Structures are given as C-alpha cells and as structure tokens.
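Asks: quick one: sequence plus predicted model below, questions after.
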Amino acid sequence: DVKVTQSSRYLVKRTGEKVFLECVQDMDHENMFWYRQDPGLGLRLIYFSYDVKMKEKGDIPEGYSVSREKKERFSLILESASTNQTSMYLCASSFGWIGTSGGAWTYNEQFFGPGTRLTVL
Amino acid sequence: GQSLEQPSEVTAVEGAIVQINCTYQTSGFYGLSWYQQHDGGAPTFLSYNALDGLEETGRFSSFLSRSDSYGYLLLQELQMKDSASYFCAGRFKAAGNKLTFGGGTRVLVKP
C-alpha cells in the first residue's frame, strides 16, 4: 500500500514561531504537494515539487516555503506563523512529471497523508 | 484561474441515491476527478473522467459532459459509511499533474 505520513497530527504554535511540517512517502513518487484545507474552500495548493530540489508555487504560497532534499521527503515551513495560518495541512504525492502530463487520459492519482491540524495562538 | 463549483451539503436517507454536481471553467480542461474524505481522514481517490459519459465503479458512478462543462458523482444505495465530504478536482492542460479542487460537498446519510 502507498503510504504518505506526516510528522504530526496536531500542532499548537505561537504567533511568530517558525514551524516545520514534514511529509514522507514510500512509493518513489516524483510529485509531492502541500495543501491547506479550510471549511468551504476545499483544498488549496500551497507549493508542489516535481523532483528533488525543484519546487513551484501553488495558488497560496505567501507566508510559506518548502524544501525537498530527498525524493521521499517534502517539508513545509512557516517562517513566522500567524493566526491566519491556523488550518489543516495535507501532503500528497503522485507519479508523473509536472508539465509532461501525457494528455487528458493520463491521470496520476494523488495519495494523501492524514493531515496536520495546526493551531497558531 | 480555474475554479470548480459544487453544493456545500446534501442530506439523504440510507438506500437513497445522491447526485453531486460539479461545474467548471472550460479553458484548457483535461478531466475531472473525485475524492472522498471522511471526517478526520485523508482524501482518497474515487474516479477520473476525461471523456464524456458515465464511469461506473460499484455503487459509485461518475459522469462528465464536456459540452456542458459539468460532471457529477452518483452515489447509489446509500450506506451510513458514505457520510463524508466529496471533492471534485479538475485537471487543466496548463497545470500538468496539478489539480484544482472544488469546495467540497458534505454528504450526510440518515437512517
């Protein structure tokens, strides 16, 4: 079974703290993603990575950075946590290369981790 | 940018049929996928439609109409365990393997 694990299920931090969220996948996937999930807004992409040391901004990258030093590990960093970053953070991974999608009929299912519920006080 | 719209909540009784619609913007559209997420759980993949028509997988079916820019997920013979949130996610040419998610539909199944 594909497994995507996240370092914490629940995390409480204070405003201004630096926060690290870790994600590890065991399926040798090229792509890894970080989303945040808020009620009514669905999943919004923060950053994604299509290879080691490669990253691209998603739809809401402000206030976040990422690191991918090894293929199986993708880290999300909140440089200075703020209360509006209180949310559920979901990591996902998939096969396939960003930008060489193979057409409409080539679909690479995303596998999600259990999520980290982050509260910033 | 791309956006997908779906209803926020649907309530139905056990054994009933529920249809969750999802409309999307057509520009560069490749296909529509569906994910299920139980409370406290991770989203899991249900289906993907790139061509018009109905794809059936057990009690769940997914439909796409490219000419009408919409799709739906059909849940048949509802069971209590189907109570969950369901997300449509669009795949667009410009975005490669990235997905754009709708806001999610919470399905509540009552006895």
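Replies: Everything's here; your move.
Asks: pLDDT below threshold where in chain A?
Replies: A:2, A:97-106 (pLDDT under 70).
Asks: host element of the residue most central in space within it?
Replies: To find the centre residue of chain A, average its C-alpha atoms and take the closest one (C-alpha atoms, centre = their mean): that gives residue A:34, at 1.6 Å. Using DSSP states H and E, residue A:34 falls within strand A:31-38.
Asks: on that earlier part again, and the residue nearest to the centre of chain A, what does it touch?
Replies: Residues in contact with residue A:34 (C-beta atoms under 8 Å, 6 or more residues apart in numbering or on different chains) are A:21, A:23, A:45-48, A:58, A:64, A:66, A:74, A:76, A:89-91. In short, each C-beta sits where N, CA and C put it, glycine included.
Asks: do that again at 7 Å, thanks
Replies: Contacts for residue A:34 were tallied using C-beta atoms under 7 Å, 6 or more residues apart in numbering or on different chains; they are A:46, A:47, A:66, A:74, A:76, A:89, A:91.
Asks: what do you get for residue B:57?
Replies: Applying C-beta under 7 Å, 6+ apart, the residues contacting residue B:57 are residue B:47.
Asks: what bridges to it?
Replies: Per DSSP bridges, the residues bridged to residue B:57 are residue B:60.
Asks: ok, it to residue B:34 distance?
Replies: In this structure, residue B:57 lies at 10 Å from residue B:34, with C-beta to C-beta, to the nearest Å as the measure.
Asks: now do the shared contacts for these two.
Replies: Shared between the contact lists of residue B:57 and residue B:34 (criterion: C-beta under 7 Å, 6+ apart) are residues residue B:47.
Asks: what is the burial count for residue A:28?
Replies: As a burial measure, the neighbour count of residue A:28 was computed by other C-beta atoms under 10 Å in any protein chain shown and equals 9.
Asks: that one and residue A:21, how far apart?
Replies: Separation of residue A:28 from residue A:21 (C-beta to C-beta): 21 Å.
Asks: do residue B:73 as well
Replies: With distances defined as C-beta to C-beta, the gap from residue B:73 to residue A:21 amounts to 30 Å.
Asks: more neighbours: which of those two?
Replies: When residue B:73 and residue A:21 are compared for neighbours, residue B:73 comes out ahead with 26 against 21, by other C-beta under 10 Å.
Asks: does that one really touch residue B:85, like I thought?
Replies: No - counting by C-beta atoms under 7 Å, residue B:73 stays clear of residue B:85, with 11.6 Å between them.
Asks: shared neighbours, these two?
Replies: Here residue B:73 and residue B:85 share no contacting residue, scored by C-beta under 7 Å, 6+ apart.
Asks: now do the helix or strand harbouring residue B:23: which elements does it pack against?
Replies: For residue B:23, the element it lies in under DSSP H and E is strand B:18-24. Counting contacts by 3 or more C-beta pairs under 7 Å, 6 or more residues apart in numbering or on different chains; DSSP states H and E, strand B:18-24 is packed against strand B:4-5, strand B:9-13, strand B:70-75, strand B:84-92.
Asks: count of neighbours near the residue nearest to residue A:107 when sequence neighbours are not counted?
Replies: Taking C-beta to C-beta, 6 or more residues apart in numbering or on different chains as the measure, residue A:107 lies nearest to residue B:48, with 4.4 Å between them; neighbours along the chain are not counted. Around residue B:48 sit 21 other residues, with neighbours defined as other C-beta under 10 Å.
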